[in-house]
Structures are given as C-alpha cells and as structure tokens.
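Chemist: Next comes the sequence, and after it the predicted model I'd like to discuss.
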Amino acid sequence: MNCADTQDLLQGYVDGELDLVRSLEIEQHLQDCAACGRAQQNLQGLRTALSAGTLYYTPPAQLQRRVQTALRQTEPAPALRRRLPWRLLNLSIAVAAVVILAWSLVHNLTAPSADDLLAQEVLAGHVRSLQAAHLADVPSSDQHTVKPWFDGKLDFAPSVEDLASRGFPLVGGRLDYLDNRPVAALIYGRQKHYINLFIWPASAAGDSPTTALTRQGYHLRHWSQVGMNYWAVSDLNNGELEAFVHLIQNGTP
C-alpha cells in the first residue's frame, strides 16, 4: 500500500466502509508514513466535529406531531403537489453538491503534495539503508569501481565524484527505487555520519535551484542539474550538508 492508494481509500477507512484486509493494509501504512498519518488524523477530527451533538438539534415529539397535523390541514393544491418532488430533487442535488465540495476541500487541504510524498520516499530510503545495515551494494571508496558497477543496471550513467580530499569520502553505491523508477544511490561519509545522494534523470529540461527541507530531524536538499535530479539527505548539520551539495554541484578542482 503506497501513499497514493492510501489517500484514495482514506475517506472510506475513516468512515469504516472498507473490508478487513484493506483496513489492515492502511493501518500498516499509517504506522510507517507520517504524512498519511496526519491526513488520517485531520479527517478523523473533521468527522468527529461534524458528528458532535452541538451541531444537531433533535426536535421534541410534540413538535413533530403538530407539524404533521398542520400539513394535513393545509393539503397543497394538485399543481403544487406536482411541483413538490422537483423542488425536493433540486434540494437534494444542492445538498449533494455542498457535500462533494466540502469533501474536495478537505481532501485538498489534507493530501500531501507530490514533492512532499517524494521527500518522504527519499527519507525512507535513507533511514532504511541505515537500519538494514545495507548502505552499499558495491562498498568502495574508489569512484572508478563504483561508477562502472551501475553499467547495465540503470538506463543512465550517474556521475560519481571522489570527495575524500574535501572531507566527504565515498563509501559506495547501491540501487534504490524512488519516484516509480530505479535510481542510483551514492553514499558518502562525514566523520560518523552518512549522506545518501540519490540521482536519476529529470523529467523537465533545465536546471532548478536547491530546495532545503527538514523531515523528522533529517536535512534534505533537492535540485536538478544537467538533466538529472539530485536528492541529498543526512543527519549532518545544515552547514556541512550545504558544503557537500556545493561540492557536488560545482565539482572538485
């Protein structure tokens, strides 16, 4: 269950309309995805607010009896009776339109953007590589070993820089999967910290400036350059990560 599937089914999950299997799949995803978890909490809060007793008024039984008696005494003319169903239909359509508009507004306010979802994927890839003790498929500090390793495994050739002399030694490389495609992951070290640098072809031409993000205590940098997407993520402080990004963008002398 990915974020897109979860967002499509989240309304039904909150309303208790899904089968057991789907509900369990969504619950597992919500435990692992903070963005979808916040969306679920927002929907649940809205549902609770709308069902609160203060928003409903229950008329007394005697009022209902008086209304029914008054309606019987003032039976509408035949022409009015013929028009009444159409008025009720128009009212139902209007109510349905309001409900749909409200749901769309809530969905747009709670659904994470495509960039947010991709940032979550990048962060998950970084954390997963640390927890599984699987930083590299090809552990090597030699760029001439790491770069050829990707040949035949990707439909592009990632640039591999040797930054050991600048304080960011190459640790190795591995394959990862982001943005619905295989990508290259280059791993660099900085004292006892690691940087995952994800690279894959950009969908749009031209370069884009660096975007800085912080998620769950990790710092992320994203930019595109020479037809490639770059995402760098680490628990390094902002200054050191900025220095690393500068070296990747400008090369080493």
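Modeler: Received, thanks. Quick caveat: nothing in here was measured; it's all calculated off a predicted structure.

Chemist: which stretches of this protein have low pLDDT?
Modeler: 45-60, 63, 73-112, 132, 252-253 (pLDDT under 70).

Chemist: Try it again at 90.
Modeler: 1-121, 124-125, 127-135, 178-180, 203-207, 215-217, 250-253 (pLDDT under 90).

Chemist: all helices for it, in order.
Modeler: 3-14, 20-32, 34-50, 61-73, 78-110, 114-131, 143-149, 238-250 (DSSP state H).

Chemist: Tell me which residues are up against the shortest one.
Modeler: For helix 143-149, the surrounding residues in contact (CB atoms under 8 Å, 6 or more residues apart in numbering) are 137-138, 140, 157-162, 170, 172-173, 186. For the C-beta atoms, the positions are set from N, CA and C on the backbone; glycine is no exception.

Chemist: hmm, 6 Å instead?
Modeler: Helix 143-149 is touched from outside by 138, 140, 160, 162, 173, with contacts defined as CB atoms under 6 Å, 6 or more residues apart in numbering.

Chemist: out of those residues, which is most surrounded?
Modeler: residue 173 (27 neighbours; other CB atoms under 10 Å).

Chemist: could you measure the closest residue to that one other than its chain neighbours against residue 13, distance?
Modeler: Closest residue in space to residue 173, ignoring its immediate chain neighbours: residue 146 at 4.4 Å, by CB to CB, 6 or more residues apart in numbering. Noted for residue 146: a distance of 43 Å to residue 13, by CB to CB, to the nearest Å.

Chemist: quick one, which of the two is more surrounded?
Modeler: residue 146 (25 against 19).

Chemist: Identify the residues contacting the residue nearest in space to the middle of the chain.
Modeler: The geometric centre of the chain, computed from its C-alpha atoms, lies nearest to residue 117 (CA atoms, centre = their mean), at 2.7 Å. Contacts for residue 117 (CB under 6 Å, 6+ apart) come out as residue 3.

Chemist: That one and residue 167, how far apart?
Modeler: Residue 117 is 33 Å from residue 167, by CB to CB.

Chemist: Could you do residue 124 as well?
Modeler: 27 Å.

Chemist: Over to residue 198?
Modeler: From residue 198 to residue 167 the distance is 21 Å (CB to CB).

Chemist: Equivalent analysis for residue 16, please.
Modeler: Distance from residue 16 to residue 167, by CB to CB: 54 Å.

Chemist: Between the two, point out the one with more neighbours.
Modeler: The neighbour count for residue 16 versus residue 167, taken as other CB under 10 Å, is higher for residue 167 (14 against 7).

Chemist: what's the closest non-adjacent residue to the more buried one?
Modeler: Using CB to CB, 6+ apart, the closest residue to residue 167 is residue 190 (6.6 Å).

Chemist: what number of residues lie near that neighbour?
Modeler: Around residue 190 there are 19 other residues, counting by other CB under 10 Å.

Chemist: how close does it sit to residue 116?
Modeler: Taken as CB to CB, the span from residue 190 to residue 116 is 26 Å.

Chemist: Same check on residue 242?
Modeler: Counting by CB to CB, the gap from residue 242 to residue 116 is 22 Å.

Chemist: One more: residue 15?
Modeler: For residue 15 relative to residue 116 (CB to CB), the value is 24 Å.

Chemist: the more surrounded of those two?
Modeler: residue 116 (14 against 10).

Chemist: who's in contact with the more buried one?
Modeler: residue 35.

Chemist: I'd assumed residue 13 was in contact with residue 26.
Modeler: Yes. With contact defined as CB atoms under 6 Å, residue 26 counts as touching residue 13 (4.9 Å).

Chemist: Pick out whichever of the contacts of helix 143-149 sits closest to residue 71.
Modeler: For the contacts of helix 143-149, the closest approach to residue 71 (CB to CB) belongs to residue 173, at 78.2 Å.

Chemist: Assess the claim that that closest one and residue 186 are in contact.
Modeler: Yes. Proximity of residue 173 to residue 186 meets the contact threshold set by CB under 6 Å, at 5.2 Å.
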